[in-house]
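[1] Structure for the following, please:
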Amino acid sequence: LSIVAALGGLLFGYDTAVISGAIGFLRTYFVLDSGETGWAASSALVGCLIGAAVAGGFSDMAGRKKALLLAGFLFTISAVWSAVSNSLTEFAIARILGGVGIGMASMLSPLYIAEIAPAQSRGRLVSFNQFAIVTGILVVYFVNYFIANAEPEEWNVRVGWRWMFGSAILPSVLFFVLVFFIPESPRWLVKRRRSSEALKILTRMGGRGYAETELQSIEDAVAREEDSTGQLFQPGMRIALLIGVVLAVLQQVTGINVFMYYAPEIFKQLGSGTNSALLQTIVIGAVNLTFTIVALKTIDKLGRKPLMIIGSAGMGISLTALGLAAYFQKTELWVLIFILGYIASFALSMGPVVWVVLSEIFPTKIRGRAMSIATLTLWAANYLVSQTFPMMNENPWLVEKFNHGFPFAVYALFCVLTIVFVKIFVPETKGKSLEEIEMSWRKNS
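    All right, here's what the predicted structure looks like:
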């Protein structure tokens, strides 16, 4: 069940990272300036904001499964429309539509997994979603490379980028079909007073004894909750909301999607050819996948806080080194090494762990809406970073002073802020049931 739900994460990664290989060809085809280039790369993120905003309320009302089905449908429509677009406006609308699906899936996949997973393995199972995200990113990097490498530059400018976006049709349809076969979330069923259905699903997952104990715990927690978003602003719960929102923002403003969306252009800017840049981007995807597997194996052993602190320190060091390498115009090998250090640190920590924490810390009755608020801020931060990176990176005054190193220094400062915030404010949730985490907020209020 976790793997099927995590396919939403695979599409999240695939659909957001496909732009990295296409953006250079799109820029030439539509004759874009730096602001328009940022819009082409980040227009999907506007849809992500919409998707994150509506997914919580819709999933609380109609169910997690129906919301996942809607996301799969939107992925499919966007893949087709993006591939046949003939203007920047049309392309942006298609990408926004797909972004709605991404925004919904980014919230719903970890939420669904958290609601079906036993406490002792919840961190690992929710991290399947991040594993699927980075798998989608790596797969689309390969797809982009083989499409771009098969034909000359002129063909890629005219047609190649269309095949890149169209390639998302197959995984989108696969996800849509498979979601039909997964059950509804037991916690959502209890909230809707359908406990007998929830008991059957829990029994299938863990046996009769586990199911009866878990059902009683869920019913007790739901009985104590208010079915109102206002509950999030009560003492104790508003701290959970603040932590969720700040972690979501910090995951993005530390710069990850600059490398996911613009890596080939960064490499080309620092001396690589098109094919070499796309190959280096595949290496980034492979490192991302490898260290996400490390996180899968350690998150339920080491805990959430240690991973976030260690990873943020590694990200900050790598970004500082990358900024200095750009400033002193070092070789592309050094640039690749520092980027890989950053990606490894992110994949070990802020990538999977933030999604796990967001899926854990909110009450059952309003978990969908609460995650919507946190995910909405995440996508807003993502949009801000993606839109402003080309502007900072190509600003004549900043380039003259810092040789393209300025953006990386900014992201490194946010890594320092992340370490401080996690150390002071974020509680450890390893090994606790969702109901135990909820009770800890009530006690601390």
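[2] Quick check: I3 touching L125?
    No. I3 is beyond contact range of L125, at 9.3 Å (criterion: CB atoms under 8 Å). Quick note: C-beta positions are derived from backbone N, CA and C, even for glycine.
[3] And these two? Which one has more around it.
    Taking other CB atoms under 10 Å, I3 and L125 do not tie; L125 has more neighbours (23 against 15).
[4] Now for that one: which residues touch it?
    2, 113, 117 (CB atoms under 8 Å, 6 or more residues apart in numbering).
[5] Could you report the separation of it from A286?
    L125 is 23 Å from A286, where distance means CB to CB, to the nearest Å.
[6] Next step: the contacts of L125 restricted to helices.
    When these are checked against helices (DSSP state H), the matches are 2, 113.
[7] Most neighbours of all the contacts of L125, which one?
    I113 (28 neighbours).
[8] hang on, that one packs against V4?
    No. Counting by CB under 8 Å, I113 does not reach V4; the two are 9.8 Å apart.
[9] Leaving out the residues flanking it, which one is nearest to A40?
    L26 (5.4 Å; CB to CB, 6 or more residues apart in numbering).
[10] Surely that neighbour is in contact with L32?
    Yes. With contact defined as CB under 8 Å, L26 reaches L32; the gap is 7.1 Å.
[11] ok, those two, which is more surrounded?
    Between L26 and L32, counted using other CB under 10 Å, L26 has the larger neighbour count: 22 against 18.
[12] Next one: the more buried one relative to T213, how far apart?
    For L26, the distance to T213 - CB to CB - is 54 Å.
[13] same thing with N288?
    N288 sits 38 Å away from T213, taking CB to CB as the criterion.
[14] if you count what's nearby, which of the two comes out ahead?
    Set N288 next to T213 and count neighbours by other CB under 10 Å: N288 wins out with 28 against 12.
[15] my read: that one touches I343, true?
    Yes. Using CB under 8 Å, N288 is in contact with I343, at 5.2 Å.
[16] list residues touching both of L26 and L32?
    A40.
[17] Got the confidence number for the residue nearest to R95 when sequence neighbours are not counted?
    Nearest residue to R95 in three dimensions, chain neighbours excluded: A44, at 4.1 Å (CB to CB, 6+ apart). Per-residue pLDDT puts A44 at 86.
[18] And I437, by the same measure?
    Value for I437, per-residue pLDDT: 79.
[19] Likewise for L11?
    Listed pLDDT for L11 reads 89.
[20] F175 is in contact with that one, correct?
    Yes. Look at L11 against F175 with CB under 8 Å: they come within range, at 5.8 Å.
[21] Can you point out the buried residues in the helix or strand W334 falls within?
    Per DSSP states H and E: W334 is located in helix 332-348. Buried residues in helix 332-348, counted by 16 or more other CB atoms under 10 Å: 332, 334-348.
[22] Do a quick rundown of the strands in this structure.
    With DSSP state E, there are no strands along the chain.
[23] Quick check, central residue of it?
    S106 (5.9 Å; CA atoms, centre = their mean).
[24] And that one, how close does it get to V249?
    From S106 to V249 the distance is 14 Å (CB to CB).
[25] just D60 next, same as before
    Distance from D60 to V249, by CB to CB: 23 Å.
[26] do G38 as well
    Distance from G38 to V249, by CB to CB: 19 Å.
[27] show me where pLDDT drops low in this protein?
    225-229, 231, 236, 261, 264-265, 268-277, 330-332, 365, 444-445 (pLDDT under 70).
[28] which one of the buried residues of helix 332-348 sits closest to Q280?
    If you rank these by distance to Q280 using CB to CB, L336 comes first, at 5.6 Å.
[29] May I have the residues that are in contact with that closest one?
    267, 280, 283.
[30] what sits against I243?
    357, 361, 425-426.
[31] ok, so what distance separates it from E360?
    Taking CB to CB, one finds I243 at 11 Å from E360.
[32] how near is R442 to G207?
    In terms of CB to CB, R442 sits 30 Å off from G207.
[33] For these two, indicate the residue with more neighbours.
    R442 (13 against 10).
[34] A79: neighbour count?
    Count around A79 with other CB under 10 Å applied: 26.
[35] ok, the residue nearest to it when sequence neighbours are not counted - how many residues close by?
    Excluding the flanking residues, the one nearest A79 by CB to CB, 6+ apart is A168, at 3.8 Å. Other residues near A168 come to 24 when the count uses other CB under 10 Å.
[36] Which phi and psi values does A168 adopt?
    When read as degrees, to the nearest 10, the backbone of A168 gives phi -80, psi -10.
[37] what's I93 in contact with, if anything?
    Contact analysis of I93 by CB under 8 Å, 6+ apart lists W81.
[38] Can you tell me how far it is from G99?
    10 Å.
[39] next one: E438
    31 Å.
[40] Tell me which of those two has more neighbours.
    G99 (28 against 22).
[41] How about the contacts made by the more buried one?
    Applying CB under 8 Å, 6+ apart, the residues near G99 are 43-51, 78.
[42] hmm, back to that, does the residue nearest to A79 touch L74 like I think?
    No. Proximity of A168 to L74 does not meet the contact threshold set by CB under 8 Å, at 11.5 Å.
[43] Name the residues contacting each of these two.
    G98.
[44] and the closest residue in space to I310 that isn't next to it in sequence, what is it in contact with?
    In space, and not counting its chain neighbours, I310 is closest to S349: 6.4 Å by CB to CB, 6+ apart. By CB under 8 Å, 6+ apart, the contact set of S349 is 295, 307-312, 314-315.
[45] Just the ones in helices from these, please.
    Among the contacts of S349, the ones falling in helices (DSSP H) are 295, 307-312, 314-315.
[46] What is the nearest of these to G255?
    For the ones in helices among the contacts of S349, the nearest to G255 is M315 (8.0 Å; CB to CB).
[47] Report the contact partners of that closest one.
    Neighbours of M315 in contact, by CB under 8 Å, 6+ apart: 254-255, 342, 345-346, 349-350, 412, 415.
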